[in-house]
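Engineer: Need a 3D model of the following:
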Amino acid sequence: MKFGKWIGGGLGWAFFGPIGALLGFAVGSVLDSITVTSLQAQSPTMQGDFIASLLVLTAAVMKADGKVLKSELEYVRRTFQSQFSPEITQQNMLMLRDILKQEIPVKDVCNQIAEYMDYSSRLQLLHYLFGISSADNEVHPSEVRLIEEIASSIGIAEADYRSIRAMFVADTDSAYKILEIEPTATDAELKSAYRSMAVKYHPDKVSHLGVEMQKAANEKFQSVNAAYERIKKQRNIS
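Structural biologist: Just a heads-up that it's a prediction; the model follows:
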C-alpha cells in the first residue's frame, strides 16, 4: 500500500512529536513520497497536518467509552468519502485502524495541536469529533467528557465549545448556545451575534486546508444559519 499519497498537502509539524510517533507506528517505514517540511512554529496548518491530528483524536474519542462501534467507523468513512477519492479514503481508514490499536497520549497530542494549529482549524477539528461521537445517534457521556478535555487542551474558548456542542447535543436553548448568546438577548444583540458567528464559522476560514475541508466546514456555517432562523421564527422577526 502506498502511504505517500495518504494525505494530500503533505505533513509539516504533525510529523513530529507525539502525533508523528503514532503515525510512524502505523505506516512503519513506508513513507515513500510524503512531503515533510521543517518543523516551524509559524508554519501554517497544512491539510496533512489537520487530517493526521483528526485521525489521532478520532481514535481517542472512539475508544473513550471502551468500545469502537461499527457505526462510528462508518461515519468516519462516509466523512472521508464525501471529501476525498476512494483511494485516499481507504488509506485514511487503514491508518485509523492502526492508530486505534495504540495507546494515545491525548494530553501530549493536544499540546502539539494547540501550539501549531490555527484556531479556525481547531474549531473544525472539534466539530468533526462531535460528529463522530454522535454517529450512533447518541453522544456518550464519556466521549463528551473527553471532547471537552480536548477542547480545553487545544485552547478552544468555552463559548465556542458550547456553540459547537449545541449543534449535536440538543436542549431548549441550543439555538442560543450556537450563537453564543443568552435567551434574554435583545433582537439587536441577536442580529449582532449572528453576524459575528457567521464570520467566525465561514468556510473561507479554513480555505488553507483545501476545498474538501471548506465543504465540511460548511456544516457549521449552516448550523449557525439554522439557529438564527429558528430564533427569528420564535420571536416572529422578519
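Engineer: When you work out contacts or count neighbours from here on, use the C-alpha atoms and nothing else.
Structural biologist: Noted.
Engineer: for this protein, which residue is closest to the average position?
Structural biologist: Leu125 (1.7 Å; CA atoms, centre = their mean).
Engineer: for the longest helix belonging to the chain, packing partners?
Structural biologist: Under DSSP state H, the helix in the chain containing the largest number of residues is helix 211-235. Of the remaining helices and strands, those touching helix 211-235 by 3 or more CA pairs under 8 Å, 6 or more residues apart in numbering; DSSP states H and E are helix 174-178, helix 187-200.
Engineer: In JSON lines: these, plus distance to Ala59 and mean pLDDT.
Structural biologist: Below are the helices and strands packed on helix 211-235 laid out as JSON lines (distance: least, CA to CA, whole Å; pLDDT from 0 to 100):
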{"stretch": "helix 174-178", "distance to Ala59": "26", "mean pLDDT": "95"}
{"stretch": "helix 187-200", "distance to Ala59": "27", "mean pLDDT": "95"}
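Engineer: Tell me which of the ones you listed sits most buried.
Structural biologist: Greatest average neighbour count among these goes to helix 174-178 (a mean of 24), per mean count of other CA atoms under 10 Å.
Engineer: residues in contact with that helix?
Structural biologist: 159, 162-164, 166-167, 182-183, 223-224, 227-228, 230-231 (CA atoms under 8 Å, 6 or more residues apart in numbering).
Engineer: Quickly check those residues for the two that are furthest apart.
Structural biologist: Across the contacts of helix 174-178, no pair lies farther apart than Ala159 and Arg230, at 19.7 Å, counting by CA to CA.
Engineer: so what's the residue nearest to the centre of the chain up against?
Structural biologist: Leu125 touches 50, 54, counting by CA under 8 Å, 6+ apart.
Engineer: Report the secondary structure element holding it.
Structural biologist: helix 119-133 (DSSP states H and E).
Engineer: okay, the angle between that helix and helix 187-200?
Structural biologist: Counting by axes from the mean of the first three to the mean of the last three CA atoms, to 10 degrees, helix 119-133 lies at 90 degrees to helix 187-200.
Engineer: Just give me how far helix 119-133 sits from the chain centre.
Structural biologist: Here the centre of helix 119-133 is set off from its chain's centre by 2 Å, with CA atoms, centre = their mean, to the nearest Å.
Engineer: Rounded mean pLDDT for the next helix or strand after it, please.
Structural biologist: Using DSSP H and E, the helix or strand that follows helix 119-133 towards the C-terminus is helix 141-153. Per-residue pLDDT over helix 141-153 has a mean of 92.
Engineer: And stretch 82-102, by the same measure?
Structural biologist: On average, stretch 82-102 scores 84.
Engineer: mind saving the C-alpha coords of that stretch as CSV?
Structural biologist: Extracted in CSV, the C-alpha atoms of stretch 82-102 (Å, rounded to 0.1, in the frame of the first residue of the first chain):
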residue,chain,number,x,y,z
SER,A,82,-17.7,12.8,0.8
GLN,A,83,-14.5,14.7,0.5
PHE,A,84,-11.7,12.5,-0.9
SER,A,85,-11.1,9.9,-3.6
PRO,A,86,-11.8,6.3,-2.8
GLU,A,87,-8.0,5.6,-2.6
ILE,A,88,-7.3,8.3,0.0
THR,A,89,-10.4,7.3,1.9
GLN,A,90,-9.2,3.7,2.1
GLN,A,91,-5.8,4.7,3.2
ASN,A,92,-7.2,7.0,5.9
MET,A,93,-9.3,4.2,7.2
LEU,A,94,-6.4,1.8,7.3
MET,A,95,-4.4,4.4,9.2
LEU,A,96,-7.2,4.9,11.7
ARG,A,97,-7.5,1.1,12.3
ASP,A,98,-3.8,1.0,13.1
ILE,A,99,-3.9,4.1,15.4
LEU,A,100,-6.9,2.5,17.3
LYS,A,101,-4.6,-0.3,18.3
GLN,A,102,-2.2,2.1,20.2
